[in-house]
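Participant: Just to be clear, the model below is a prediction. Sequence and coordinates:
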Amino acid sequence: MPIINRIAEFHDDMTAWRRDFHQHPELNFQEVRTSRIVAEKLREFGCDEVITGIATTGVVGVIHGKGGGRGEGGAIGLRADMDALPIHEESGVPHASTTPGVMHACGHDGHTTMLLGAARYLAETRNFSGTAYMIFQPAEEMGGGGEVMVKEGLFERFPMDRVFGLHNWPGAPEGTFLWRVGPVMAAVADIRITVTGKGAHGAMPHQGNDPIVIAAQIVTALQSIVARNVEPVEGGVVTIGEIKGGNAFNVIPEVVTLRGTARWFLPEVGDILETKVKALASGIAEAFGARAEVQFDRMYPATINEEVSAGLAADAARAVAGEAKVVELPKPTMGGEDFSFMLNAKQGAYLMLGAGRGPQDPQVHHPRYDFNDAILPLGASWWAAMVERQLPRKG
């Protein structure tokens, strides 16, 4: 079962949808236009139900199969994310963002389009039993939209046996599916440290208490946490990516702020990172006679694939792309993904779909990134294959 012919026939339509989404990106929980168009298309395709307003802008399309529906034959959920990023686009493509400072730099425009393509095909053919739920989620990018959907009763309102997600991956060859059992992406925390000292003239540092020097000591010390507290075979990251302080070259400021991220897979490693970040930052500041306020906000848990679900997802990928293009990931990535909230509540799996066109391809979250439209029919076919293989038509 290669790329489904019917889906290939509307490749041009899908490309047009994707580029329209790309031109009109919307940030988390603001996906008003996007969700409206998604709902309109689902109704146009003939979905049995289209429910809006979940987690503010989320949409769920319900499609019953010919071989039994409404509780007969089982049900699965297919999830795509819709939100963009606060990045100024530099891709130079004709369909570039028309909203300054906002762009689809992670490919959610493509994810939404692939799931719409699958919905169109499934609503037309209904060559399955049971029910397929098309889940269009807002606010994946640090907004926790997946968690909000779960808390608002996603799995109670739409009872499904399993749920599946898919992400484009420019770092892998075009058309390659990547999968694994167990951890796929890391848990994520947001670190914020405010160091308060005493300001002074840069020529008279003895009259102040320099928070820049203290912040530098903290940044250096934080790099020892994973190296000297986490078992070497386990994963952990502590990174400070932002430092702000001072407004003049010859003035010692009163306050310096640091912001960074921590990543891990095992909960106990997350506990170590949180304890040590707080202890080191506070202790170093105190040793210098200053004060450090530390926030360690746990945002997303690790994304962990359940074994049976991962196998089902990989089998569907092989049916669509062939054995040679389905590759088991040897190790997870330290990137984060809020599909983890859905996998914490329901068995399922998360796969990557290679989108790389060459070694110079910009990766996700880059201002020159643009989704590879060539993989649209492949992703949509995988979604459709998941439904038809897991919910085979009866009779």
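Facilitator: Now that the structure is in, tell me what you want to look at. The model shown is predicted, which means the values in this text are computed figures rather than measured ones.
Participant: so the residue nearest to Thr333 when sequence neighbours are not counted bridges to which residues?
Facilitator: The shortest distance from Thr333 to any non-neighbouring residue, by CB to CB, 6 or more residues apart in numbering, is to Met185 (5.6 Å). For the C-beta atoms, the positions are set from N, CA and C on the backbone; glycine is no exception. Counting by DSSP bridges, Met185 forms beta bridges with Thr303, Thr333.
Participant: Touching, Met185 and Gly335? I think so.
Facilitator: Yes. Here Met185 reaches Gly335: they are 5.2 Å apart, a contact under CB atoms under 8 Å.
Participant: Just want to know which of those two has more residues nearby.
Facilitator: A direct count of neighbours by other CB atoms under 10 Å for Met185 and Gly335 places Met185 higher, at 25 against 14.
Participant: Note down every partner strand of the lengthiest strand in the chain and its orientation.
Facilitator: Ordering each strand of the chain by length in residues (DSSP state E) puts strand 162-173 first. Using DSSP bridges, the strands paired with strand 162-173 in its sheet are strand 75-81 (parallel), strand 348-356 (parallel).
Participant: In JSON lines: these, plus mean pLDDT and mean neighbour count.
Facilitator: Rendered in JSON lines, the data for those read as follows (pLDDT from 0 to 100; neighbours: other CB atoms under 10 Å):
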{"stretch": "strand 75-81", "mean pLDDT": "98", "mean neighbour count": "26"}
{"stretch": "strand 348-356", "mean pLDDT": "97", "mean neighbour count": "25"}
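Participant: Count the neighbours of Gln207 for me.
Facilitator: A count of neighbours around Gln207, defined by other CB under 10 Å, yields 11.
Participant: any chance you could map the helices in the stretch 1-150 of the chain?
Facilitator: Across the stretch 1-150 of the chain, reading from the start of the chain, the helices by DSSP state H, counting those that start in this stretch fall at 5-9, 11-23, 32-45, 108-125, 145-151.
Participant: same thing with the stretch 251-395 of the chain?
Facilitator: Along the stretch 251-395 of the chain, the segments classed as helices by DSSP H, counting those that start in this stretch run 267-287, 307-321, 340-345, 376-390.
Participant: Show the average pLDDT along the last one.
Facilitator: Per-region confidence: helix 376-390 scores 97 on mean pLDDT.
Participant: Over to the first one?
Facilitator: Helix 267-287 comes out with an average pLDDT of 98.
Participant: what's next to that helix, contact-wise?
Facilitator: Counting by CB atoms under 8 Å, 6 or more residues apart in numbering, the neighbours of helix 267-287 from elsewhere in the structure are 187, 189, 191, 193, 195, 214, 217-218, 221-222, 225-226, 229-230, 234-236, 238, 262, 264, 291-292, 294, 296, 298.
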